[in-house]
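*Asks:* Fold the following and give me the result.
(chains A and B, ligands or ions: 2)
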Amino acid sequence: MKVTTLTINGELVSASPGATVLEAARENGIRIPTLCALEGLSTVGACRLCLVEVKGSPRLQPACVTAADEGMEVSTDTDRLRRYRSMILELLFAERNHVCPVCVANGHCELQDRARQAGMDHVRLPYQHPDLPVDITHARFGVDHNRCILCTRCIRVCDELEGAHTWDLAGRGTNARVITDLNQPWGDAVSCTSCGKCAEACPTGAIFKQGSTVGEMEHRSDRIRFISAARARKEWSP
Amino acid sequence: MTKKGRILTIDPVTRLEGHAKITLHLDDDGQVADARFHVTEFRGFEKFCEGRPLWEMPGITGRICGICPVSHLLASAKAGDDILAVAIPPAADKLRRLMNLGQIIQSHALSFFHLSAPDLLLGMDSDPAKRNVFGLMAAEPKIARDGIRLRQFGQEVIEALGGKKIHPSWAVPGGVRAPLSEESRERLKARLPEALRIAEEALELFRKISGRFSEEADALGNFPSLFLGLVTRDGGWEHYDGVLRVMDAEGAIIADQVDPREYRTLIAEAVEPWSYLKFPYYRKHGYPDGAYRVGPLARLNLCERMPTPLAEEARREFRRTAGDKPVTSSFFYHYARLVEIIASVETAATLLDDPDLLSSHVRAEAGINRTSGVGVSEAPRGTLFHDYQVDEHGLILKVNLIIATGQNNLAMNRTVLQAARHYIRNRKIPEGFLNRIEAGVRAFDPCLSCSTHAFGQMPLQVVLFGPEGETLDERTRE
Ligand code: SF4
Ligand code: FES
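*Replies:* Ligands and ions are numbered 1, 2, ... in the order given. Next comes the predicted model:
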């Protein structure tokens, strides 16, 4: 297969065959903010933060699930995109209860990082302050729905890499929640192998190691990338 | 409390933002029957903690108030230790003690040098525009500079341990997150002699000038009350652990060796519709007769000795001012604070020589072994209680916090009442009255944001009500 050639922000770039716009951009050192995408996992286009403009298409396209086509003209950093991204971030902050200064992931949170990079200094929308539970019934991990942004990384990593499929999504709209087994307390979820991949993959403080205090939860999402890449190369197969 | 006359319920929300609101209530004879110091802070904080994992509590409660984060951090971590049912590593215990000493030093220095020294040194009726830390800087540059240096030292102790100056989340259930570095220890040790010199000179100065304030010492918060606080098992001064002791105004010890976990046997809490602060009182004596004071004055009355030589000498001299009785004038909170700064600097010096402080074994790991826990320590302003109930996994079900300013609440009200009776004549609020009240309340060093404007006077609103609830007079100042 031959490489794809396209234009990103006015520059002619080439991308590996079958690459998405996000991958094409990254291969060429162009940064597009993402949240739900995690290297090593399938892409779902859930968060819409990676929206880009594609010439000829009136709608914005999520870069993580859009194939890079020959001759495509993509813009990743326009005023319109910046406006949309700020709005998406503000919506995320307003939707649940993200209280950074007391969060276990303070300083190690992708949502916080994206907000900082976008220059977000306040939220223009009314905070919803939903009353959401924290589940710490598992011996080693906990999930705080107040901090979940429904990126589904936990669901994908558990299904695709661990093969346990403990996590799922239940409910719609503002009632949507990640659940363990058939909406059992995590501690009762028999399918869970306690591998901890969900805790490494989670971009926020939603999934954390038990006993974490403020700012102590450092996610190692690079491990997910490592395991996935090693497996693809059949590194450990005879 | 009012015998005659109408009691008005004042919606606390109508108060001026950032102002301490005081209402005075006259009876039919025009005498001040009641005085109330309205506090509208701390609303809903305990509710906010419900449903959170225990582990997050030190970080969360450390943000209850920007004024004494360290105290909440430590009391919360201690409540956590209790729920884990662990004895924390000895090094962690010493490190936490060191941090609390840093907090006492910085907080007492702020109270004395920045907030009260302008009143004490420039005079309570001096030009209000200059009666602040800047005015002090102009009139008494050395003292102002010393105060800043001393406070800095306390803050450096906190920072050397907790990392961040104001909101450290360093103490955790089971211990602390990191020890002291060798380099920080040397830096702190080098600053000890200066800190001690400043503390001693400040005490000397206070002794010299306190005679000028005999009227204030008599009229501002001088009344018999109970005193409550922690002491060591053998009755010595304590700031972090120990057992609870209660003393009456005559100096008789009426409760002793009480395990902090049993604090409910000593303390009950009343609520009043006009204040968000609860009114703790000594259970056996009922409400409001069981009013007690906590904080530096209480601690020095309660303990039989200080742990270090200079502080012990200073304590004896302090107690001599009242003969063989406890010191009852709230004005002497200032005095007690200075004695405690000396004790804290001396104790920190001993601790800094302890090799344990550099140990890397500072955190005990454990799960939830009890479903309730109490953490008690002495904050600069007085005894601080954190009482948590958790489910079997460690989610917070219920939180009760009893803060020092709450416990001094009844005494602050009495102070205002006493001042009002002394100074209010002809149904009018006289000139200079607000300054007196401010000084009276400040002696307690209440941890209210309105009371900690270091660079100006306390924003105050005083309203005088007649027996029918009609407003007779009002004075406000920014
Ligand atoms: S728990 Fe974490 S990983 Fe799972 S959906 Fe929520 S934010 Fe994403
Ligand atoms: S990163 Fe593309 S939609 Fe989330």
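
*Asks:* isn't B:Arg299 right up against B:Arg337?
*Replies:* No. The criterion here is C-beta atoms under 8 Å, and B:Arg299 misses it with B:Arg337 at 10.1 Å. All C-beta spots, glycine's among them, are computed from the backbone N, C-alpha and C.

*Asks:* Okay, helices next: where are they in the stretch 351-478 of chain B?
*Replies:* Along the stretch 351-478 of chain B, the stretches classed as helices by DSSP state H, counting those that start in this stretch are B:404-407, B:409-423, B:433-442.

*Asks:* Which other helices and strands does the longest one contact?
*Replies:* It stands for helix B:409-423. Packed against helix B:409-423, as judged by 3 or more C-beta pairs under 8 Å, 6 or more residues apart in numbering or on different chains; DSSP states H and E, are the following elements: strand B:20-26, strand B:32-38, helix B:214-219, strand B:279-282, strand B:292-293, helix B:433-442.

*Asks:* buried sites along that helix?
*Replies:* B:409-420, B:422-423 (16 or more other C-beta atoms under 10 Å in any protein chain shown).

*Asks:* Domains in chain A, by residue range?
*Replies:* A:4-77, A:83-232 (automatic domain parsing).

*Asks:* and the last one, anywhere near ligand 2?
*Replies:* No. In terms of C-beta under 6 Å from any ligand atom, no part of domain A:83-232 sits within range of ligand 2; the closest distance is 6.9 Å.

*Asks:* so where is the stretch 1-150 of chain B shaky, pLDDT-wise?
*Replies:* Residues of the stretch 1-150 of chain B meeting the criterion pLDDT under 70: B:1-19, B:39-44, B:64-66.

*Asks:* Mind listing the residues bridging to whichever residue of the stretch 351-478 of chain B sits closest to ligand 2?
*Replies:* Here the residue of the stretch 351-478 of chain B nearest ligand 2 is B:Leu395; by C-beta to the nearest ligand atom that distance is 30.9 Å. B:Leu395 has these beta-bridge partners by DSSP bridges: B:Pro53.

*Asks:* so it touches B:Leu54, yeah?
*Replies:* Yes. Using C-beta under 8 Å, B:Leu395 is in contact with B:Leu54, at 7.5 Å.

*Asks:* between those two, who's got more neighbours?
*Replies:* For the pair B:Leu395 and B:Leu54, the greater number of neighbours falls to B:Leu54 (25 against 20), based on other C-beta atoms under 10 Å in any protein chain shown.

*Asks:* Taking chain A, what residue is nearest to chain B?
*Replies:* Residue nearest to chain B within chain A (C-beta to the nearest C-beta): A:Val214, separated by 3.1 Å.

*Asks:* now chain A, which segments are flagged as low pLDDT?
*Replies:* Low-confidence segments of chain A (pLDDT under 70): A:1.

*Asks:* for it, what's the longest helix?
*Replies:* helix A:79-95 (DSSP state H).

*Asks:* could you say what helices and strands the next helix or strand after that helix packs with?
*Replies:* Scanning forward in sequence from helix A:79-95 by DSSP states H and E, the next helix or strand is helix A:110-117. If contacts are counted by 3+ C-beta pairs under 8 Å, 6+ apart, helix A:110-117 sits against helix A:79-95.

*Asks:* which helices and strands does the helix it packs on pack with?
*Replies:* Counting by 3+ C-beta pairs under 8 Å, 6+ apart, helix A:79-95 packs on strand A:51-54, helix A:110-117.

*Asks:* returning to that earlier point: worst average pLDDT in the helices of the stretch 351-478 of chain B?
*Replies:* Looking over those, mean pLDDT reaches its minimum on helix B:433-442, with a mean of 82.

*Asks:* Alpha carbons only: can I get that helix in PDB?
*Replies:* Extracted in PDB, the C-alpha atoms of helix B:433-442 (Å, rounded to 0.1, in the frame of the first residue of the first chain):
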ATOM      1  CA  PHE B 433     -16.800  51.400  70.500                       C
ATOM      2  CA  LEU B 434     -16.200  49.400  67.300                       C
ATOM      3  CA  ASN B 435     -12.500  49.500  68.000                       C
ATOM      4  CA  ARG B 436     -13.000  48.100  71.500                       C
ATOM      5  CA  ILE B 437     -15.300  45.300  70.200                       C
ATOM      6  CA  GLU B 438     -12.800  44.600  67.500                       C
ATOM      7  CA  ALA B 439     -10.000  44.300  70.000                       C
ATOM      8  CA  GLY B 440     -12.200  42.200  72.200                       C
ATOM      9  CA  VAL B 441     -13.000  39.700  69.500                       C
ATOM     10  CA  ARG B 442      -9.500  39.800  68.100                       C
END
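
*Asks:* Now do that helix and strand B:32-38, the angle between them.
*Replies:* Here the directions of helix B:433-442 and strand B:32-38 differ by 60 degrees (axes from the mean of the first three to the mean of the last three C-alpha atoms, to 10 degrees).

*Asks:* picking up where we left off before, which stretch among the helices of the stretch 351-478 of chain B comes nearest B:Gly174?
*Replies:* Among these, the nearest to B:Gly174 by C-beta to C-beta is helix B:404-407 (25.5 Å).

*Asks:* Show me how far the closest one is from its chain's centre.
*Replies:* The chain centre lies 7 Å from the centre of helix B:404-407; the measure is C-alpha atoms, centre = their mean, to the nearest Å.

*Asks:* helices or strands next to that helix in the packing?
*Replies:* Using 3+ C-beta pairs under 8 Å, 6+ apart, helix B:404-407 sits against strand B:279-282, strand B:382-390.

*Asks:* Averaged pLDDT, the shortest one. What do you get?
*Replies:* Strand B:279-282 carries an average pLDDT of 93.

*Asks:* Paired strands for that strand, with orientation please.
*Replies:* Applying DSSP bridges, strand B:279-282 is found paired with strand B:267-270 (antiparallel).

*Asks:* in the strand it pairs with, what counts as buried?
*Replies:* Residues B:267-269 are the ones in strand B:267-270 that count as buried (16+ other C-beta under 10 Å).

*Asks:* Then stretch A:214-227?
*Replies:* For stretch A:214-227, using 16+ other C-beta under 10 Å, the buried residues are A:214-217, A:219, A:221, A:224, A:227.
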